[in-house]
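Chemist: Pasting a predicted model and its sequence here:
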Amino acid sequence: MLYPQEKERSHRFLLALRTGLPLFSLTIILIFTSLSDYFQQIPSDFFIFAILILAVFIYFIFYMIYRGFDEQITDPITHTFTRLQVISLLKKEISRYKEYSILLISVENLSDINARYGIRAGDKVLRKVANKAGVFFLNKGFKKFPIGHFKGGDFIIGLVGSQNKIKPFLEMMCIKYDDLTMNEIEIKIKGSIVDTTLSRDVQALIERLFEAQSLDSEDGSHLKMLQESEDFSLLEFEQSVRTAIKERSFSLMFQPIKADEKMVHISIKLQGKNEEIIHQKTFMPLVKRLGYEREYDEIVLEKVLQVCTKIEKVTFAFNLSPSVLRNRHFVYYIKQKLAQSSEHRRLVIILSEKEVYGNMRRYNDLLQQYRELGLRFVLDNVGSLNASAEYIKRLDVDIIRFDKPFSRHLDSPAYRSLLHGYMQMCKELGMKSWIKMVDTQESKAYSEEMSIDYIQGHAVSKIVNLDKLEEELG
C-alpha cells in the first residue's frame, strides 16, 4: 500500500474515532446513570450481553462513519457533482426520459491559466464557470439538472429535451460568455452537445462528446455540433469500425498532385456493413479510443505497398500517426516491411499533431532513421494552431503542407503575406512546399506563380478510385 493510501486510511479512522467516541461515552453514561439504582438486582449475564451488544453497535457506527467518507458526491473544488455521481444521475435521467441531451462545457485555456496565474486561480475559474453555466440554465427554466466536474476544465450537464431543443440555449450561453473574464483573466469556453438519438449509453455519449470537442472548428466557433450525416447508433458504428479493421475492409481513394514528379495523395475510408463507406474524420477518433491506431496504420502501410506494386514510377503520400511512428513495435514492424519491399523510396508520410512531443531529440532521430530507409516526411497543417511551427524548428523533414485556409483565402493580403514568408523559409531550409484544396483555376494559377512545389485540389485532379487512377496515369 502506498504512503498516501496508508495516510488516508489512518486519517479516516481518526475522524471516525473522534466522531464516534462522544456518542460512545454518552451512551455509557446514560446506561450507568439509568441503571445505577438497580445494579444489585440485575444478573451479571445481562451486563455481559449488554456490553456485547454495545460493542457491536459501536463497531457498526464507527464502520458507517468510516465508509461514509468514501461517499462524496460533490467535487470540493467546483461544488458540482463528482464524475461518478454525475454519470450515475445521467443513467437514471436517460432511463426516465425519451429525449435527453448531454452537454460538455470546457474551459479551453485552463492549462494556460494554471501556468500563468497559478493553480488557485485556475480553481476559482472552474468554480466561476460551473456557477455561470448552472445559473444560466436555471434561468432558462431547467430545474434540478445534473452538472458535474468530469476532468480538468470539463463539465458535463444533462438536460431533458432533444439536441435541437437544447442547441439554441447552448449557443446563447457560448455567445454570452465568449469574452468572460475574472480578475483580468481571459476565460475561453467552448461547448458540444449530443442526445439520446445517437445512443442511450451514457459512457458512449460522453466519449462522443469529447471526440466532437476535439475536432477543429474551421469557422472558429466555440460550439461543436455533430453533423446530421453522423446521426447513427454509436454501438452499431463501433461494431462496424471493429469489423472493418478486423476484416481489413479499407477503401483507398487517390488524388493526383501537380508536381515535378508523379505524386498521388491517398485518402483512407473504411467499408462498414452493407459496403457503407465511413470517412476518416468520423472513424479516426474511435480507432484511437478503441486502441486500434497501431493496427490501423500497419494495415494502411500494407495497402499502400500493395498499390505500389501495381503502379510503378509513382510516389504515394499518405497519413500515419506520429505517435504510432514513435512506437518501438511499429519501428520494428516498418523496418521489417520495408526490407521486404523495394517500393519504400516512393512513400511520403504525412504527419499532423496538435501537441508538441516532449522528447524532440528522440523524435528527430527516429525520423532520420526512417529517412535513411528512403521515406520522406511532410509536416501537415502548417499555419494552424498545432505543433507544426515548433516541429519546423526542431525536426528535419522534406516538405511542409499548408493549412486549408491558405488555399481558401489566397485573395487575402494577410494570407498571401504569410505564404510568401513560408516560401522564403522553405528556400532557406531546403524544404519543399505543398498546398491542398486548390479548387479554383484562380488559386491554382496563383499557387503556380508562387512556385509552390506540390499543388493538390479539384482544379488539378478529382479524387478517383484505383481503376480510374490507372487509366489517368496511362
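Modeler: Looks like it arrived, so ask away.
Chemist: Give me the neighbour count for K92.
Modeler: Residues near K92, counting by other Cβ atoms under 10 Å, number 12. Backbone N, C-alpha and C define where each C-beta goes, glycine included.
Chemist: who's in contact with the helix or strand it falls within?
Modeler: Taking DSSP states H and E as the definition, K92 sits inside helix 83-96. Applying Cβ atoms under 8 Å, 6 or more residues apart in numbering, the external contacts of helix 83-96 come out as 73-74, 80-81, 100, 102, 146-151, 156, 158, 160, 196, 200, 202-203, 206.
Chemist: Beyond that helix, next helix or strand please.
Modeler: Once the chain leaves helix 83-96, the next helix or strand it forms, by DSSP H and E, is strand 100-107.
Chemist: which other helices and strands contact the next helix-or-strand element following that next one?
Modeler: Per DSSP H and E, the first helix or strand lying C-terminal to strand 100-107 is helix 110-117. For helix 110-117, the contact count by 3 or more Cβ pairs under 8 Å, 6 or more residues apart in numbering; DSSP states H and E identifies helix 119-139 as packing neighbours.
Chemist: chain center to the helix it packs on, what's the gap?
Modeler: 22 Å (Cα atoms, centre = their mean, to the nearest Å).
Chemist: So what touches the following helix or strand past it?
Modeler: Once helix 119-139 ends, the next helix or strand along the chain (criterion: DSSP H and E) is strand 147-151. If you take Cβ under 8 Å, 6+ apart as the criterion, strand 147-151 is touched by 75, 77-78, 80-83, 85-87, 89, 104, 126, 130, 133-134, 155-158, 206.
Chemist: Try it again at 7 Å.
Modeler: 75, 77-78, 80-83, 85-86, 130, 133-134, 155-157 (Cβ atoms under 7 Å, 6 or more residues apart in numbering).
Chemist: Looking at those residues, spot the one nearest S451.
Modeler: Nearest to S451 out of the contacts of strand 147-151 is F155 (Cβ to Cβ; 49.2 Å).
Chemist: one step back: ok, the contacts of strand 147-151 vs E295, which is closest?
Modeler: Taking those together and measuring to E295 by Cβ to Cβ, the closest member is R83, at 29.6 Å.
Chemist: Tell me the one among the contacts of strand 147-151 nearest to L325.
Modeler: Checking the contacts of strand 147-151 one by one against L325 (Cβ to Cβ), the nearest turns out to be R83, at 32.9 Å.
Chemist: Quick check: that closest one vs F150, distance?
Modeler: For R83, the distance to F150 equals 5 Å [Cβ to Cβ, to the nearest Å].
Chemist: Ok, G272 next?
Modeler: Distance, G272 to F150, by Cβ to Cβ: 30 Å.
Chemist: try R361
Modeler: Distance from R361 to F150, by Cβ to Cβ: 35 Å.
Chemist: These two: which is more packed in?
Modeler: Legend: neighbour count by other Cβ under 10 Å for R361 and F150, higher for F150 (21 against 8).
Chemist: how about K393, secondary structure?
Modeler: helix (DSSP: H, G, I helix; E, B strand; the rest coil).
Chemist: what about it, neighbour count?
Modeler: Around K393 there are 9 residues (other Cβ under 10 Å).
Chemist: Same question for K288.
Modeler: By other Cβ under 10 Å, 15 other residues sit near K288.
Chemist: For it, pull up the helix or strand it's in.
Modeler: Using DSSP H and E, K288 falls in helix 280-289.
Chemist: How far away from the center of its chain is stretch 323-339?
Modeler: On the basis of Cα atoms, centre = their mean, stretch 323-339 sits 25 Å off its chain's mean C-alpha point.
Chemist: returning to that earlier point: go ahead and build a ChimeraX selection from the buried members of the contacts of strand 147-151.
Modeler: The ChimeraX selection below is limited to those of those classed as buried (16 or more other Cβ atoms under 10 Å):
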select :75,78,80,81,82,85,86,130,133,134,155,156,157
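Chemist: of the contacts of strand 147-151, closest to S461?
Modeler: For the contacts of strand 147-151, the nearest to S461 is I156 (45.0 Å; Cβ to Cβ).
Chemist: mind checking the SS state of the closest one?
Modeler: Look at I156: counting by three-state DSSP, its state is strand.
Chemist: One more: R200?
Modeler: Of the three states, R200 takes coil under three-state DSSP.
Chemist: which phi and psi does it have?
Modeler: In terms of degrees, to the nearest 10, the main-chain angles of R200 are phi -110, psi 10.
Chemist: What number of residues are in the vicinity of it?
Modeler: By the criterion of other Cβ under 10 Å, R200 has 16 neighbours.
Chemist: and if you look at S384?
Modeler: By other Cβ under 10 Å, 18 other residues sit near S384.
Chemist: cool, and the one 4 residues further on?
Modeler: Other residues lying near S388 total 25 when counted by other Cβ under 10 Å.
Chemist: Surely it is in contact with L379?
Modeler: Yes: counting by Cβ atoms under 7 Å, L379 is a contact partner of S388 at 5.0 Å.
Chemist: follow-up on the earlier one: buried ones in the helix holding K92, by neighbour count?
Modeler: Buried, per 16+ other Cβ under 10 Å, within helix 83-96: 85-90, 93-94.
Chemist: As CSV, the residues you listed with distance to E184 and pLDDT would be great.
Modeler: Shown next, in CSV, are those (distance: Cβ to Cβ, whole Å; pLDDT from 0 to 100):
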residue, distance to E184, pLDDT
Q85, 34, 88
V86, 31, 92
I87, 35, 94
S88, 38, 91
L89, 36, 91
L90, 36, 94
E93, 38, 93
I94, 41, 94
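Chemist: Any stretches of the stretch 251-400 of the chain with poor pLDDT?
Modeler: Filtered on pLDDT under 70, the stretch 251-400 of the chain yields the residue ranges 274.
Chemist: Which parts of it are strands?
Modeler: 263-271, 277-278, 315-319, 347-351, 376-382, 399-402 (DSSP state E, counting those that start in this stretch).
Chemist: Might you report the residue contacts of L252?
Modeler: 266, 268, 303, 307, 466.
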